[in-house]
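# Need a 3D model of the following:
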Amino acid sequence: MKKFLATLLACVSVFAVAKENVTIVYSWSPSDSITNIDRTLIAEANRLQDRYNFLFDARPGAGGSIAANYVANTPNTILANSSAFFIRPTVFPNESHRVEDFRELMPQCSAPMAITSTRYSSWQEVPQDQLLNIGTSGLGVTTHLAAIQIMNRYPGMQVVPFKSTSESLLSAVSGQTEFHVAFLAEPEAWKQDSANKKRLNVLGITGSQKVNGYTPLVSQGFPAVLANMNVPFHLTVSAKTPEDRFRDWRDILTRAARAPSVQQAYANEYCIPMDVADRDINTWFEAQHAQWKKLSTGVKPN
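You can find the predicted model right below:
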């Protein structure tokens, strides 16, 4: 009897201290370089406390809507997405998630996109009268919006959608597509790998400022709207998430984001940190929704 009671008490003790799993669901391929910011954030969040066990998962497809719809309907999940979260429902209103089904948990950081090519080292080399392909991480996403602005100069260019920036990168370096819309850490990592024989050239970046010596596209004659197309990465949750969970997760993750390891992960991706106060997160969310809806209104899926 004593042995049984001891075993029972041990089991009760284990359950009493068991952590609750919370999954951060990334919207594209888990091999994307930018996932390092979420993986590092998760490691720091788990180090800070013992109530929740934060996990990483990825559910790519449909421009982020597969992951978004999963999070909208699955308890104890957090969506890791970008500005595509706001764009996709505007371009595909009947086949996407609903922005209204979510609330902002934490803006993370904002990064420029880069237009890269292995075939061309400058825009002066690019022909205006030939069929050209530019790879994006899908349709109705931020890389698609950037590609459209490049296509304004090159009428023979067409978008080739992939499920992630890492997939479109492989297409570009293999020569299947002439251009690729990426985040800077991806082409830089490719250039630093001595095993790679093909050079991936960065032809220009979004935003209005040089980053690591790379020139903004707006300074090279491309549309001014590209200055406002740096990509915000952020975490959202289902609007049905209980308030106490929301507050717990936000407190833990915002503290984790300030850790040197997470700040370094942001820096490695050229992603500028955003530390938005509690009182301002709803305002930030609504402003982002309005901005990206305006930029994507009228965009055709094909």
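# What is the burial count for the closest residue to residue 73 other than its chain neighbours?
Take residue 73 and drop its neighbours on the chain: the residue closest to it by Cβ to Cβ, 6 or more residues apart in numbering is residue 238, 7.5 Å away. Just so you know, the C-beta spots here come from the backbone N, C-alpha and C atoms, and that holds for glycine as well. Residues near residue 238, counting by other Cβ atoms under 10 Å, number 19.
# Just the pLDDT for residue 238.
Residue 238 is assigned 98 on the pLDDT scale.
# and if you look at residue 195?
For residue 195, pLDDT reads 59.
# for residue 165, same thing?
88.
# ditto for residue 52
98.
# That one against residue 251, yeah?
No: taking contacts as Cβ atoms under 8 Å, residue 52 lies outside contact range of residue 251: 11.0 Å.
# So between these two, which is more surrounded?
residue 52 (19 against 13).
# got the contact list for the nearest residue to residue 113 once chain neighbours are set aside?
Nearest non-adjacent residue to residue 113, counting by Cβ to Cβ, 6+ apart: residue 206, 4.7 Å away. By Cβ atoms under 8 Å, 6 or more residues apart in numbering, the contact list for residue 206 reads 112, 113, 114, 146, 216, 217, 226, 227, 229, 230, 231.
# Residue 206 and residue 86: what is the separation?
16 Å (Cβ to Cβ, to the nearest Å).
# cool, and residue 78?
Taking Cβ to Cβ, one finds residue 78 at 17 Å from residue 86.
# what does residue 95 give?
Taking Cβ to Cβ, one finds residue 95 at 16 Å from residue 86.
# for residue 65, same thing?
Distance from residue 65 to residue 86, by Cβ to Cβ: 12 Å.
# Check residue 258 too.
26 Å.
# what about those two, which has more around it?
residue 86 (23 against 11).
# Pretty sure the more buried one sits against residue 286.
No: using Cβ under 8 Å as the test, residue 86 is too far from residue 286 to be in contact (10.2 Å).
# just to revisit the earlier point, the contacts of residue 206 in helices, which ones?
Among these, the members found in helices (DSSP state H) are residue 146.
# From the contacts of residue 206, pick the one nearest residue 129.
Distance to residue 129 across the contacts of residue 206 (Cβ to Cβ) is lowest for residue 217, with 21.2 Å.
# Look up the residues forming beta bridges with the residue nearest to the closest one when sequence neighbours are not counted.
Among residues not flanking residue 217 along the chain, residue 204 sits closest, at 3.9 Å (Cβ to Cβ, 6+ apart). On the basis of DSSP bridges, residue 204 is bridged to residue 115.
# Surely residue 204 touches residue 215?
Yes: the criterion here is Cβ under 8 Å, and residue 204 meets it with residue 215 at 5.7 Å.
# Between the two, which is the more surrounded one?
Neighbour comparison, residue 204 and residue 215: the larger count goes to residue 204, with 22 against 14 (by other Cβ under 10 Å).
# Enumerate every residue touching the more buried one.
Applying Cβ under 8 Å, 6+ apart, the residues near residue 204 are 114, 115, 123, 214, 215, 216, 217, 219, 220, 222.
# what's the spacing between it and residue 103?
Residue 204 is 35 Å from residue 103, by Cβ to Cβ.
# again, but for residue 258
22 Å.
# Ok, residue 156 next?
From residue 156 to residue 103 the distance is 43 Å (Cβ to Cβ).
# ditto for residue 154
When residue 154 is compared with residue 103 (using Cβ to Cβ), they lie 40 Å apart.
# out of the two, which sits in the more crowded spot?
residue 154 (19 against 15).
# what number of residues lie near residue 150?
Neighbours of residue 150 (other Cβ under 10 Å): 23.
# Is it correct that it falls within a strand?
No: using DSSP: H, G, I helix; E, B strand; the rest coil, the assignment for residue 150 is helix, not a strand.
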